[in-house]
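Asker: Sequence below, structure please.
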Amino acid sequence: MRHLAGAVSVVTAGIGDERTGATITTAHSLSVEPEVMVVSINLSSSTWAAISRHRHFCVNVLRADQIAIADRFAGRGGLKGQARYEGARWSTLASGALALEGALAAVDCTVEDTIIRHSHALILGSVRHVVSGEPGPALIYHHGAYGSS
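Answerer: Take a look at the predicted model:
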């Protein structure tokens, strides 16, 4: 799968001290009517625990210049949980999840359904709100490296 380029997003979830998140390339739209997003999250991650408990998440589609945020939420540098949010500006959405200011888009979702298979959960989220950012190149991940669209 390293040969498949993917858009980089940060999924945020949780409230207060339980906030956490993860960098993913597995977010996509499932349907337009009704609006539903799908994300794939590792069952051993703190992000899965937060989504499962709080029943919400936000997909923040990253711009090409947001590599540092992608690295932080990927766990590079050892940051965990709420510490991953430092160094960026965030807005609280209707679900309680956080939207990254300056992202290409932030899609606020509540959990509609979950499909657990092997090491991951496919989480279907009912879209509550979309925040559109300024147009620009997207951050992509391909063959172990970041790039832009």
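
Asker: When you work out contacts or count neighbours from here on, use the C-alpha atoms and nothing else.
Answerer: OK.

Asker: Report the beta-bridge partners for residue 28.
Answerer: Beta bridges link residue 28 to residue 38 when assigned by DSSP bridges.

Asker: err, residue 127, not the other one
Answerer: Applying DSSP bridges, one finds that residue 127 bridges with residue 109.

Asker: now stretch 79-96: mean pLDDT?
Answerer: Stretch 79-96 shows a mean pLDDT of 96.

Asker: Mind listing residues that contact that stretch?
Answerer: Here stretch 79-96 makes contact (C-alpha atoms under 8 Å, 6 or more residues apart in numbering) with 13-15, 17-21, 46, 56-57, 69, 72-73, 98-101, 108-110, 128-129.

Asker: same check, this time on stretch 20-35
Answerer: By C-alpha under 8 Å, 6+ apart, the surrounding residues in contact with stretch 20-35 are 6-14, 36-40, 46-47, 50, 59, 70-71, 73-75, 80-82, 84, 126-127, 141.

Asker: average pLDDT for it?
Answerer: For stretch 20-35, mean pLDDT rounds to 97.

Asker: What segments of the protein are strands?
Answerer: In the chain, the strands defined using DSSP state E lie at 6-7, 9-13, 20-24, 28-31, 36-42, 56-61, 90-92, 98-100, 105-117, 120-132, 139-142, 145-148.

Asker: Can you add mean neighbour count and give these back as JSON lines?
Answerer: JSON lines is the format used below for those (neighbours: other C-alpha atoms under 10 Å):
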{"stretch": "strand 6-7", "mean neighbour count": "22"}
{"stretch": "strand 9-13", "mean neighbour count": "29"}
{"stretch": "strand 20-24", "mean neighbour count": "26"}
{"stretch": "strand 28-31", "mean neighbour count": "13"}
{"stretch": "strand 36-42", "mean neighbour count": "22"}
{"stretch": "strand 56-61", "mean neighbour count": "30"}
{"stretch": "strand 90-92", "mean neighbour count": "13"}
{"stretch": "strand 98-100", "mean neighbour count": "27"}
{"stretch": "strand 105-117", "mean neighbour count": "19"}
{"stretch": "strand 120-132", "mean neighbour count": "19"}
{"stretch": "strand 139-142", "mean neighbour count": "20"}
{"stretch": "strand 145-148", "mean neighbour count": "15"}
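
Asker: Alright, I will stop here.
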